[in-house]
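Fold the following, please.
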Amino acid sequence: MSHATPPTDVRRHILDVAHPLFLSKGFTAVGLTEVLAAAKVPKGSFYHYFSSKEAFGEAVLEAYFEDYLQRMDGLLGQPGPAAQRLMAYFFDWLDSQTGDEAQSRCLVVKLGAEVSDLSDTMRAALERGTRTITARLARCVEEGLTDRSLPESLDAAGTAMTLYQNWLGASLLAKITRDRKPLDTALACTRRMLGVPYDA
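You can find the predicted model right below:
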């Protein structure tokens with residue numbers, strides 16, 4: 001006797017299948033037929049969960065940020081000084097952008113410019129997600145000011161935004177040049193900004 005897959009699992013399965021396709025080709029170039037074939041689900045199942053491709057794209061982004069924030073919370077929530085936890089997060093970013101696994105690449109870098117001009121709902125999903133990321137970073141910087149592992153001159157919100165913008169830009173440049181040097185530069189800038197020595 002076979003067991004039916006719970007509806008939430010089917011929905012998540014479709015989102016998970018679409019993620020690497022979007023990372024590889026972008027949003028516009030991936031058709032629903034390709035997603036359905038890869039997920040092995042009928043068109044009716046897709047439209048049961050998503051009213052349109054735009055709504056689907058928004059859901060893919062929301063699922064991406066949900067997973068991303070869970071990983072981020074694990075890195076920033078480790079024991080130890082806040083400066084050390086921040087560096088662990090950025091080392092993880094460096095590894096994710098220079099590794100062989102396409103699944104680890106940044107969906108914000110891949111889709112940001114493309115979908116922001118195509119869909120206001122997807123642009124809003126990107127804005128919500130990135131705003132949550134910078135808020136997490138700002139909170140960790142505040143913890144670093146409290147535990148004195150970071151320079152007291154830092155402004156938490158401004159530092160968080162500068163760091164995130166720096167790493168997003170570096171990830172895009174690394175993609176354009178197919179060279180990790182922009183990411184290595186971002187790491188060096190992060191160390192200087194946070195006052196973290198190279199042997200830490």
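
As a check, name the ranges of all helices in the protein.
7-25, 32-39, 43-49, 53-76, 82-98, 107-118, 120-147, 156-177, 181-194 (DSSP state H).

Adding mean neighbour count and mean pLDDT, write the ones you listed out as CSV.
(Each C-beta comes from the backbone N, C-alpha and C, glycine too.) Formatted as CSV, these follow (neighbours: other Cβ atoms under 10 Å; pLDDT from 0 to 100):
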stretch, mean neighbour count, mean pLDDT
helix 7-25, 17, 87
helix 32-39, 15, 92
helix 43-49, 14, 88
helix 53-76, 17, 95
helix 82-98, 18, 94
helix 107-118, 17, 89
helix 120-147, 17, 97
helix 156-177, 18, 95
helix 181-194, 17, 96
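
So Thr162 sits against Arg192, correct?
No: using Cβ atoms under 8 Å, Thr162 is not in contact with Arg192; the gap is 11.6 Å.

separation between Lys181 and Leu172?
Separation of Lys181 from Leu172 (Cβ to Cβ, to the nearest Å): 13 Å.

And Arg131, by the same measure?
Note on Arg131: its distance to Leu172, by Cβ to Cβ, is 19 Å.

Please apply the same query to Asn166.
11 Å.

before we move on, what about Met122?
Relative to Leu172, and taking Cβ to Cβ, Met122 is found at 18 Å.

swap in Lys43?
For Lys43, the distance to Leu172 (Cβ to Cβ) stands at 35 Å.

And for Arg139?
From Arg139 to Leu172 the distance is 25 Å (Cβ to Cβ).

Could you do Ile133 as well?
16 Å.

How about Gly26?
According to Cβ to Cβ, Gly26 and Leu172 sit 14 Å apart.

who touches the residue lying closest to Arg136 once chain neighbours are set aside in this structure?
Excluding the flanking residues, the one nearest Arg136 by Cβ to Cβ, 6 or more residues apart in numbering is Met72, at 5.8 Å. Contact analysis of Met72 by Cβ atoms under 8 Å, 6 or more residues apart in numbering lists 89, 133, 136.

and of those, the nearest to Val108?
Ile133 (8.7 Å; Cβ to Cβ).

quick one: contacts for the closest one?
65, 68-69, 72, 164.

okay, those residues in JSON lines with distance to Glu114 next?
Listed next are these as JSON lines, based on distance: Cβ to Cβ, whole Å:
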{"residue": "Phe65", "distance to Glu114": "17"}
{"residue": "Tyr68", "distance to Glu114": "19"}
{"residue": "Leu69", "distance to Glu114": "22"}
{"residue": "Met72", "distance to Glu114": "24"}
{"residue": "Tyr164", "distance to Glu114": "20"}
